[in-house]
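>>> Build the 3D model from these lines:
(one chain, ligands or ions: 1)
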Amino acid sequence: MKKVLVLYYSQSGQLKQVLDHIISPLEFDDQVQCDFLKITPLKPYPYPWKFYEFFNVFPESVFMHGCEVEELATADEYDLIILGYTVWFLSPSLPISGFLQSKQAQKLLKNKPVITVIACRDMWIMAQEKMKHLLSDIGARLIDNVVLTDQGKSLYTFVTTPRWMLTGKKDAFWFFPKAGVAENDIEESSRFGLALSSALAEDKEQQEGSMLNNLGAANVNGKLIATEHIAHRSFRIWSRLIQKAGAPNSQGRNVVISIYAVFLFILVCTVVPLNMLIRKIIAPFRKESIAKAVHDYEQPSGR
Ligand SMILES: Cc1cc2nc3c(=O)[nH]c(=O)nc-3n(C[C@H](O)[C@H](O)[C@H](O)COP(=O)(O)O)c2cc1C
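Numbering: from 1, shown residues only. Got it, this is the predicted structure:
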């Protein structure tokens with residue numbers, strides 16, 4: 001009998017829904033036992049978010065300061081850990097980075113094979129690089145990564161995802177699609193559970209290499225790599241400024257957040273389209289380096 005532990009933090013329940021679909025084929029496998037455990041911050045985060053609450057978690061998310069989380073109710077040993085996380089400001093969400101830096105994570109995950117499952121807007125590359133460090137710091141072994149991103153083009157989700165986070169509304173409106181991951185993509189994620197069922201039967205979790213390759217687990221959008229790099233650099237600068245301005249939710253911090261929001265709006269309306277145009281022009285000359293970066297960031301699972 002193999003024991004699989006699914007750990008996750010989800011605010012709206014979307015990521016939990018993805019994990020339920022992934023795990024569904026394993027529920028018919030009498031050789032596998034799956035336990036779900038929710039990571040719960042001691043001080044809950046709001047959902048939907050108010051504007052200032054949303055940006056107040058920005059610096060701490062970027063620097064992965066984490067938050068304190070409740071002790072998990074398990075002392076069991078598991079053969080495989082599935083870690084579901086969402087991305088906050090190009091970083092693993094605060095409850096996840098808090099949990100991974102806790103003693104209980106070290107006890108539970110040390111020397112264990114881990115599959116990460118991400119459901120986010122569409123910018124997850126930097127977060128997963130940070131995740132690799134967090135996992136390696138506690139001696140866990142990342143063997144696969146499954147990523148589901150919100151439906152619609154980046155330009156649309158730049159509106160639909162924040163609208164959903166700030167109002168709780170997911171419906172389609174005007175020419176914008178529904179917010180969140182497409183239902184179809186969520187349903188089709190059960191293919192990963194099917195693959196896991198046969199891989200676990202062959203003890204593949206104990207070997208080197210991926211159990212979920214050739215299943216479209218992680219598809220990197222090459223056009224977003226440069227954007228993520230630039231945004232991450234800028235996030236670090238602004239995070240420092242916002243932290244220097246005051247403690248979370250202080251007046252000083254909220255003033256700098258207001259300035260940042262205006263800066264971000266101007267940036268999105270001017271620099272971002274210009275940057276997209278320049279990258280389109282130079283893309284044919286950077287084909288090989290982009291293809292290599294896409295391949296590298298898609299590891300360990302690949303397309
Ligand atoms: C504070 C905050 C910051 C976010 N930043 C990002 C981001 O940088 N990249 C991204 O792709 N999605 C981002 N998202 C969207 C989340 O990754 C995720 O899709 C959303 O929170 C829904 O997940 P859940 O309801 O299952 O928790 C952010 C969401 C929140 C609340």
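>>> Report the helix or strand with the lowest average pLDDT across the protein.
Among the helical and strand segments of the chain, the one scoring lowest on mean pLDDT, DSSP states H and E is helix 271-282, with a mean of 83.
>>> Export only the CA atoms of the helix or strand just after that one, formatted as CSV.
Scanning the chain past helix 271-282 towards its C-terminal end, the next helix or strand to appear is helix 287-297 (assignment: DSSP states H and E). In CSV, the C-alpha atoms belonging to helix 287-297 read as follows (Å, rounded to 0.1, in the frame of the first residue of the first chain):
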residue,chain,number,x,y,z
LYS,A,287,14.8,31.7,-31.1
GLU,A,288,17.4,29.3,-29.8
SER,A,289,18.0,30.9,-26.4
ILE,A,290,14.2,31.2,-25.8
ALA,A,291,13.7,27.5,-26.8
LYS,A,292,16.4,26.5,-24.3
ALA,A,293,14.9,28.6,-21.5
VAL,A,294,11.4,27.1,-22.2
HIS,A,295,12.8,23.6,-22.1
ASP,A,296,14.7,24.3,-18.8
TYR,A,297,11.8,25.9,-17.0
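>>> is any part of helix 287-297 close to the ligand?
No. Where contact is defined by Cβ under 6 Å from any ligand atom, no part of helix 287-297 touches the ligand; the two come within 14.0 Å at best. Just so you know, the C-beta spots here come from the backbone N, C-alpha and C atoms, and that holds for glycine as well.
>>> how about the residues of the stretch 51-200 of the chain near the ligand?
Taking Cβ under 6 Å from any ligand atom as the test, the list of the stretch 51-200 of the chain residues beside the ligand reads 54, 57, 86-90, 119-124, 161, 165.
>>> give me that answer again for 5 Å
Thr86, Val87, Trp88, Phe89, Leu90, Cys120, Arg121, Met123, Met165 (Cβ under 5 Å from any ligand atom).
>>> Neighbours of the residue lying closest to the last one once chain neighbours are set aside, how many?
Of all residues not flanking Met165 in the chain, Trp49 sits nearest, at 5.5 Å (Cβ to Cβ, 6 or more residues apart in numbering). Other residues near Trp49 come to 18 when the count uses other Cβ atoms under 10 Å.
>>> what kind of secondary structure is Trp49 in?
Following DSSP: H, G, I helix; E, B strand; the rest coil, the label given to Trp49 is coil.
>>> Quick check: it vs Thr161, distance?
Trp49 sits 12 Å away from Thr161, taking Cβ to Cβ, to the nearest Å as the criterion.
>>> now Asn254
According to Cβ to Cβ, Asn254 and Thr161 sit 23 Å apart.
>>> For the ligand, what is the nearest residue in the stretch 201-303 of the chain?
Ala231 (8.1 Å; Cβ to the nearest ligand atom).
>>> quick one: contacts of whichever strand or helix holds that residue?
Element membership for Ala231, per DSSP H and E: helix 222-245. Here helix 222-245 makes contact (Cβ atoms under 8 Å, 6 or more residues apart in numbering) with 55, 58-59, 62-63, 89-90, 122-123, 125-126, 154, 252-253, 255-257, 260, 263, 272, 275-276, 279, 290-291, 293-294, 297.
>>> Any of these buried? List them.
If you count burial by 16 or more other Cβ atoms under 10 Å, the buried members of the contacts of helix 222-245 come out as 55, 58-59, 62-63, 89-90, 122-123, 125-126, 154, 253, 256-257, 260, 272, 279, 290, 293-294, 297.
>>> Just the ones of those in helices?
Here DSSP state H is the test, and the buried ones among the contacts of helix 222-245 give 55, 58-59, 62, 125-126, 154, 253, 256-257, 260, 272, 279, 290, 293-294, 297 as lying in helices.
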